[in-house]
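Here's a sequence, model it:
(chains A and B)
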Number of protein chains: 2
Amino acid sequence: MTVQGLSLNLATVRAQFGFAAAVDACLAQGITAIAPWRDQVEAIGLEEAARIVRMHGLKVTGHCRGGMFPAVDKAGLAAAIDDNKRAIDEAAALGADCLVMVVGGLPGASKDIAAARAMVADGLAAVLPHARACRVPLAIEPLHPMYAADRACVNTLDQALDLCDALGAGVGVAIDVYHTWWDPNIRAQIARAGRNAQILAHHICDWLVPTRDLLLDRGMMGDGVIDLKQIRRDIEQAGFRGPQEVEIFSSENWWKRPGEEVIATCIERFRSVC
Amino acid sequence: MTVQGLSLNLATVRAQFGFAAAVDACLAQGITAIAPWRDQVEAIGLEEAARIVRMHGLKVTGHCRGGMFPAVDKAGLAAAIDDNKRAIDEAAALGADCLVMVVGGLPGASKDIAAARAMVADGLAAVLPHARACRVPLAIEPLHPMYAADRACVNTLDQALDLCDALGAGVGVAIDVYHTWWDPNIRAQIARAGRNAQILAHHICDWLVPTRDLLLDRGMMGDGVIDLKQIRRDIEQAGFRGPQEVEIFSSENWWKRPGEEVIATCIERFRSVC
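Okay, the predicted model is just below:
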């Protein structure tokens, strides 16, 4: 009764479950792939989380998250680099397919997004040797342009792939449909990523109309406007064979329902609309 | 005491003033360029609005707005085309520099954004002969990707300019900093638009952190993160010499203040941060 091809990003049930309970709830419904967040791992302890992963033979499709490089001073950048190295160590301990990189936005009161983007490139370059040594691929996740100021100044797949090409081996992309579905170049860029085997993760959810909150109103697959089947076809045609990872932040809807219902709905929608 | 180089999009004071009162309030503070919305013109009547424009020698930097082409059936598309022709007539009567085109999003329950984009191209082509005959340039306004589903499926300057190039004479772009500031390609695309004299309007406001509403939480210039001076330099270097047009939708802040205060603040910020 294993659900093939589906991973649950544990943020989807973060209001309901801690790490261990989330894993149990996934296994009870046949999901054997997960992607945890750092705070969820920290709460139970890295060793215990890694033990649970090994014990159940779970696939870890990503560890969330590294990044957040732009800083107001060198001390801030150095702290970000240290923190990213710890995140890489955690990802290695969990056997994660990648460390998801949400690169960070404008530091302090800056209005200089070009400078922030340069800091991101420098920060990634600074942690890449450690990632390579630990055999943890870094998955740059382009975030929707509405997060350019406060979360990630890498906002298109095109831009993320340019960064990958500049950085070389050990770096790829996490393609989240929520962030990229609107992009007129998405199909060409997915194909480009495939040619260089740079697709490391495929995140799914849906874009609701209306969207009531910029961060916490993501939709369940099928409840919004994203052509999930088309994007999946493109990503699979580009050579990616990993699971689709459901990642839904939903403070007013899914986070308020029983976790078992959320997981059951993810599975049902994965089968019917993805 | 004329304020050179500044236009007021009348949506900025739509909660406070009708067309005539807005014009009076602008003139009282030295603003002689405006951009009205169709509902504001309709409320006073097109002839009266045009009379006021002529009487005061106002510059009309744009008429808002045409577009909204994608429809669920041919009758819907035909209605949109008719409505756009009326908007063109209005823009001509007002002597507007352009008709701003917010092209429309996904029609009905569609998830096919490529099809919506094709409808937009077809709709623009259908109304362009009338626009040319009336000598009203059509200004395609790329909207922020967060509006791709429900307002405009043209979401980057790059994409808008490709449309312009395909359509030929009589079509250009309205560059609104709110919609485009995050784009990694913005500087190159502004230069591209300049080479073909395709910049028809330059809208300003600011991106607030946090942004509390996807539509109605735009910031006053200087209150957000957009590097307005840099974008202005790029647009002027690209050859655009028209006024900067302030367009702020702000249901919880600026729409709740006295209109005179809003206009005074626009002028002060235009001088200090733009």
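
What ranges does the stretch 101-250 of chain A have for its helices?
Per DSSP state H, counting those that start in this stretch, the stretch 101-250 of chain A carries helices over the ranges A:113-133, A:157-167, A:177-180, A:186-195, A:228-237.

Just the buried residues of the first one, please?
By neighbour count, with 16 or more other C-beta atoms under 10 Å in any protein chain shown as the criterion, the buried positions of helix A:113-133 are A:113, A:116-117, A:119-121, A:123-124, A:126-128, A:130-132. No exception for glycine: its C-beta is placed from N, CA and C like everyone else's.

Flag every residue of the stretch 101-250 of chain A that's near chain B.
A:106, A:110-113, A:117, A:144-146, A:148-150, A:153, A:155-156, A:158-159, A:181-184, A:207, A:209-211, A:214, A:224-227 (C-beta under 8 Å from any C-beta of the partner chain).

please redo it, this time with the cut-off set to 6 Å
A:106, A:111, A:145-146, A:148-150, A:155, A:159, A:182, A:184, A:209, A:211, A:214, A:225, A:227 (C-beta under 6 Å from any C-beta of the partner chain).

picking that back up, I'd like the buried residues of helix A:113-133 as JSON lines, with pLDDT appended.
Converted to JSON lines, the buried residues of helix A:113-133 look like this (pLDDT from 0 to 100):
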{"residue": "A:Ile113", "pLDDT": "98"}
{"residue": "A:Ala116", "pLDDT": "98"}
{"residue": "A:Arg117", "pLDDT": "98"}
{"residue": "A:Met119", "pLDDT": "97"}
{"residue": "A:Val120", "pLDDT": "98"}
{"residue": "A:Ala121", "pLDDT": "98"}
{"residue": "A:Gly123", "pLDDT": "98"}
{"residue": "A:Leu124", "pLDDT": "98"}
{"residue": "A:Ala126", "pLDDT": "98"}
{"residue": "A:Val127", "pLDDT": "98"}
{"residue": "A:Leu128", "pLDDT": "98"}
{"residue": "A:His130", "pLDDT": "98"}
{"residue": "A:Ala131", "pLDDT": "98"}
{"residue": "A:Arg132", "pLDDT": "98"}
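
CSV for these, including distance to A:Asp97?
Converted to CSV, the buried residues of helix A:113-133 look like this (distance: C-beta to C-beta, whole Å):
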residue, distance to A:Asp97
A:Ile113, 30
A:Ala116, 27
A:Arg117, 26
A:Met119, 26
A:Val120, 22
A:Ala121, 23
A:Gly123, 21
A:Leu124, 18
A:Ala126, 22
A:Val127, 17
A:Leu128, 17
A:His130, 17
A:Ala131, 13
A:Arg132, 15
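
Now the two most distant members of those residues.
A:Ile113 and A:Arg132 (28.3 Å; C-beta to C-beta).

burial measure for A:Arg137, as a count.
Slight slip there: residue A:137 is Pro, not Arg. Residues lying near A:Pro137 (other C-beta atoms under 10 Å in any protein chain shown) number 20.

Can you tell me the centre-most residue of chain A?
The residue lying closest to the centre of chain A (C-alpha atoms, centre = their mean) is A:Val100, at 5.0 Å.

Name the residues that touch the helix or strand hosting that residue?
Assigned by DSSP states H and E, A:Val100 belongs to strand A:99-102. Contacting residues not belonging to strand A:99-102 are listed as A:62-67, A:87-88, A:91, A:136, A:138-141, A:152, A:174 [C-beta atoms under 6 Å, 6 or more residues apart in numbering or on different chains].

again, 7 Å this time
Strand A:99-102 is contacted by residues A:62-68, A:87-88, A:91, A:131, A:136, A:138-141, A:143, A:151-152, A:174, A:201 when judged by C-beta atoms under 7 Å, 6 or more residues apart in numbering or on different chains.

for stretch A:138-145, same thing?
Contacts of stretch A:138-145 (C-beta under 7 Å, 6+ apart): A:62, A:98-103, A:124, A:128, A:131, A:151-152, A:154-157, A:159-160, A:163-164, A:170-174, A:176, A:178-180, A:200-201, B:144-146, B:182.

same question, stretch A:5-13
A:19, A:22, A:25-26, A:31, A:33-37, A:40, A:59, A:61, A:64, A:203, A:243-249, A:254, A:259, A:262-263, A:266-267, A:270.

ok, the strand holding A:Val100: who's next to it in the sheet?
When pairing is defined by DSSP bridges, strand A:99-102 lines up against strand A:63-67 (parallel), strand A:138-140 (parallel).

which of those strands is buried the deepest?
Ranked by mean neighbour count, these are led by strand A:138-140 with a mean of 29 (mean count of other C-beta atoms under 10 Å in any protein chain shown).

Quick check: mean pLDDT of it?
Strand A:138-140 comes out with an average pLDDT of 98.

can you check stretch A:221-232 too?
pLDDT averaged over stretch A:221-232 gives 98.

buried sites along that stretch?
A:221-228, A:230-232.

Need the nearest residue in space to A:Met146, chain neighbours excluded.
B:Met146 (4.7 Å; C-beta to C-beta, 6 or more residues apart in numbering or on different chains).

Can you name the residues that contact A:Ala22?
Neighbours of A:Ala22 in contact, by C-beta under 7 Å, 6+ apart: A:10, A:13.

Which of the helices or strands spans it?
A:Ala22 belongs to helix A:19-28, assigned by DSSP H and E.

following that helix, which helix or strand comes up?
Once the chain leaves helix A:19-28, the next helix or strand it forms, by DSSP H and E, is strand A:33-35.

Done for today, thanks.
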